[in-house]
Structures are given as C-alpha cells and as structure tokens.
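Asker: Pasted the sequence and its predicted model underneath.
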Amino acid sequence: MEDRLWDYIDGRGTPAERAEVEALIAANPAWGKAFRELKEVNIWLGGADLEVPSLRFTKNVMEAVEHQAIARPTSTYISKHILRGVALFFGAMLLGALGLVVYTWRPDTTPAKAFVKMPTFNLPSYSFQVPTYLVSGFVLLLVIAGFMFLDAFLHTKRKMS
Amino acid sequence: MYKGYSDSALIQRILQGEAPLFAELVERYQSYVFTLAFRFTGNREDAEEVAQDSFVKAYRSLADFRGEAKFSTWLYIIVRTSCLTFLRKKRIRTVPLEGAPEPGHLPRGIEFRSRQAAVQEAIRLLGPEDAQILTHFYQGEQSLEEIGRIMGLNPNAVKVRLHRARLRLKEKMESHFRTTIREWQEG
C-alpha cells in the first residue's frame, strides 16, 4: 500500500494506476489515513532547507584551485585501441588454451587419472569407478562458485563501507 | 554577471582559460555540496573540508566532463566518492559529552522555532545514506535515474531506498518530535 501511495504522491504511474489509487484513498479509510500521513511527511521534506557553508567558502575553494592545473582529459592518454588490443590478446589466449584442451583430451589419458587414484565402490554385484571427467567438472564448478561468492562478498563489503 | 550562463557554457570558458569563472559554479552548488558532505560527516568543519576537496577535484578533472549527464550529477558523484574516502580515512568516534544528546537521540522538550529546523534535525538523526538520498530527491530535485547514477544503483533500488528513508524519517519525527508535530497539526 505504501509503495503505491508514494508512487502516487511522487507523480509516477500510468493514469489508470493513479485513478485506482485515488479511488482507494476515497473509499478505503485505511488508505485515506495512510495517504494523509505520507503526504504530511512529503510536505515536511519538501520544506527542509539546505545547510549553508561559511561565508569564506568560495574564497577558500578559489585559493585552493589557484595553484592547481586542469588535468588533460583521460581520453588523450588512455587509448581505447590499446585497451581493446589487450582484451583481444587475453581472449585469444583463453580460446587457445580451451582449443588445446579439447584437441588433446582423451578419456584414458587425462592427468587426473595419472596422479590420482579414483575411488572404486565395490557393491555386492556392482563395481563403479568415479570417472575423472566428473571429478574435473566438479572441481571446476567449485572454483567458479568460489569466485562468485568472493565477488558477492566484496560487493557487499563495498556497499556497507 | 554570469548568472544567466548555463553550466556547460561556463565550463567551456573555464577550459579556455577563464579559471576565475569557476567561482560562479562554486556559488551555484556550494550549499548543496556542503549539505551532502554534512549528511556524511555530521559536523560542519569536516563537511567544509570534504566539500572544498570535492570542488578542487572537480576543477582538476573538469576536462573529463563530457556533458552526457548534468554537471550537478557529475559533481555529486565526486562529492560522494570524497565523502566515502574521508570516512574510510578518518575513524570518527563520537563520545557523548556530558549533557549532550547521544547520536540518534534528543532530550525531550527541545523546541524548534520552525518546522524546517525540526525536519533538519530529524534528517541529521538518520544514517548518511538515508539522509543523502532524501537530500538528492527533495533539495536537489534529482530524478531516480540521476540519483541512481550518483549512488551507483539502478532506479528501482533508489525507489526502494527512498521509501525506506522516508519511513525512517517519519519514525524519527514521531519518536522525537511528537509534541511539535501535534502543535503543527493543531495550528
């Protein structure tokens, strides 16, 4: 209810939505009461003044910039072509590595099989060895999930600061 | 003399060498920049320092202002960055002085000469993000999109935060200024 009332007070929403809210305000006592309270808050906030700095503020700023020079625009020393070139280089490296993996991958010769003995489950009438590609895929998923959680954690930390 | 000039026209002239015209831009936005800084720092001395620093940074990087957004939006992004940097560098520890109100609380019976003073005090009791978003929307008359650009949020997130800030302000007003509000309503 409050979200819709604030949209109405702020002048947002389609004419149909606004007409619906107006009808609710007129017909429903709870809506009417809430509208009056929120409108009052809106009036309070609309009348709030700005804080005023000291009288010397402008003079202080101009004294500070007197000895400063306006820097060159960043576009004059950061070339987009160079940035694109670097991105292309790393993209090509990644694709090359992926291509090499696809080209040389064989189910019987993956490194994991050479170094890690895969666990074997021996059930009464069935024996099953964990395929190496499953282990590799699972480790890859874990790494990706780890990066995603790290990114979310850092993003949250940045927002909180 | 330069009151009728648009911000972009002033900036063009400053970049062509008329540096003293920057004072006109400072005059136009000093109150707003100072208010934003005050919402973060909570005291006038630090707010003046941050506001002044923001204008200096804006002057130095004036050549990077491309005119895609309003100058005010571009400036307020610099102010916000300066405020966050200032807060990170300076660990502000508020120690309640004897007789002084604790942050977020006011002694009962405080009278305000005007409604504006009471609302200002209530805004000061809010957190810096809430106070900032209310200042942008009401005193700066910035749109949700512009506020989103300043704060690094999408417009829907700005809308949600704005609603929450208003709700918190209402709660502050009701808990600290109940008598004052009643007088307004009766008067």
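Answerer: That came through fine. Residues are numbered from 1 along each chain as shown, chains lettered A, B, ... in the order given.
Asker: quick one: contacts for residue B:127?
Answerer: By C-beta atoms under 8 Å, 6 or more residues apart in numbering or on different chains, the contact set of residue B:127 is residue B:168. No exception for glycine: its C-beta is placed from N, CA and C like everyone else's.
Asker: Start from the N-terminal end of chain B and give the helices.
Answerer: Using DSSP state H, the helices of chain B run over B:7-15, B:22-41, B:44-60, B:71-89, B:115-125, B:128-134, B:144-151, B:155-176, B:178-186.
Asker: Could you export the ones you listed as JSON lines, including mean neighbour count, mean pLDDT and distance to residue A:88?
Answerer: Shown next, in JSON lines, are those (neighbours: other C-beta atoms under 10 Å in any protein chain shown; pLDDT from 0 to 100; distance: least, C-beta to C-beta, whole Å):
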{"stretch": "helix B:7-15", "mean neighbour count": "16", "mean pLDDT": "90", "distance to residue A:88": "34"}
{"stretch": "helix B:22-41", "mean neighbour count": "22", "mean pLDDT": "91", "distance to residue A:88": "41"}
{"stretch": "helix B:44-60", "mean neighbour count": "20", "mean pLDDT": "93", "distance to residue A:88": "33"}
{"stretch": "helix B:71-89", "mean neighbour count": "18", "mean pLDDT": "89", "distance to residue A:88": "31"}
{"stretch": "helix B:115-125", "mean neighbour count": "20", "mean pLDDT": "81", "distance to residue A:88": "50"}
{"stretch": "helix B:128-134", "mean neighbour count": "22", "mean pLDDT": "89", "distance to residue A:88": "40"}
{"stretch": "helix B:144-151", "mean neighbour count": "20", "mean pLDDT": "90", "distance to residue A:88": "30"}
{"stretch": "helix B:155-176", "mean neighbour count": "17", "mean pLDDT": "88", "distance to residue A:88": "34"}
{"stretch": "helix B:178-186", "mean neighbour count": "12", "mean pLDDT": "67", "distance to residue A:88": "63"}
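Asker: In TSV, list the ones you listed along with distance to residue A:103.
Answerer: Shown next, in TSV, are the helices of chain B (distance: least, C-beta to C-beta, whole Å):
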stretch	distance to residue A:103
helix B:7-15	55
helix B:22-41	56
helix B:44-60	52
helix B:71-89	48
helix B:115-125	64
helix B:128-134	53
helix B:144-151	47
helix B:155-176	46
helix B:178-186	75
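Asker: Quick check: residue A:72 is in a strand.
Answerer: No. Secondary structure of residue A:72 (DSSP: H, G, I helix; E, B strand; the rest coil): coil, not part of a strand.
Asker: how about the helices of chain B, which one is nearest residue A:48?
Answerer: helix B:115-125 (4.6 Å; C-beta to C-beta).
Asker: what's the angle between that closest one and helix B:155-176?
Answerer: With axes from the mean of the first three to the mean of the last three C-alpha atoms, to 10 degrees applied, the angle from helix B:115-125 to helix B:155-176 works out at 110 degrees.
Asker: is helix B:115-125 up against chain A anywhere?
Answerer: Yes. Counting by C-beta under 8 Å from any C-beta of the partner chain, chain A is contacted by helix B:115-125 at B:115-116, B:119-120, B:123.
Asker: helices or strands next to that helix in the packing?
Answerer: With contacts taken as 3 or more C-beta pairs under 8 Å, 6 or more residues apart in numbering or on different chains; DSSP states H and E, helix B:115-125 sits against helix A:29-46, helix B:128-134, helix B:155-176, helix B:178-186.
Asker: Mind putting these into CSV with distance to residue A:143?
Answerer: Putting those into CSV (distance: least, C-beta to C-beta, whole Å) gives the following:
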stretch, distance to residue A:143
helix A:29-46, 49
helix B:128-134, 34
helix B:155-176, 30
helix B:178-186, 56
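Asker: Can you check which of those helices gets nearest to residue B:14?
Answerer: helix B:128-134 (27.3 Å).
Asker: Off-centre distance for the closest one?
Answerer: Mean-position distance between helix B:128-134 and its chain equals 7 Å (C-alpha atoms, centre = their mean, to the nearest Å).
Asker: Now do stretch A:38-52: distance from first to last residue.
Answerer: End-to-end distance of stretch A:38-52 (C-alpha to C-alpha, to the nearest Å): 28 Å.
Asker: Please apply the same query to stretch A:53-69.
Answerer: End to end - C-alpha to C-alpha - stretch A:53-69 spans 25 Å.
Asker: For the helix ranked longest in chain A, give the mean pLDDT please.
Answerer: Longest among the helix segments of chain A by residue count, using DSSP H, is helix A:132-160. Helix A:132-160 carries an average pLDDT of 80.
Asker: how much space between the most centrally placed residue in chain B and residue B:129?
Answerer: Nearest to the mean C-alpha position of chain B, counting by C-alpha atoms, centre = their mean, stands residue B:36 at 1.9 Å. Remark: distance between residue B:36 and residue B:129 (C-beta to C-beta, to the nearest Å) = 11 Å.
Asker: And for residue B:157?
Answerer: 12 Å.
Asker: ditto for residue B:86
Answerer: From residue B:86 to residue B:129 the distance is 15 Å (C-beta to C-beta).
Asker: what's around residue A:56, how many residues?
Answerer: 10 (other C-beta atoms under 10 Å in any protein chain shown).
Asker: Enumerate every residue touching the residue nearest to the centre of chain B.
Answerer: Counting by C-beta under 8 Å, 6+ apart, residue B:36 touches B:51, B:76, B:79-80, B:83, B:132, B:135-136.
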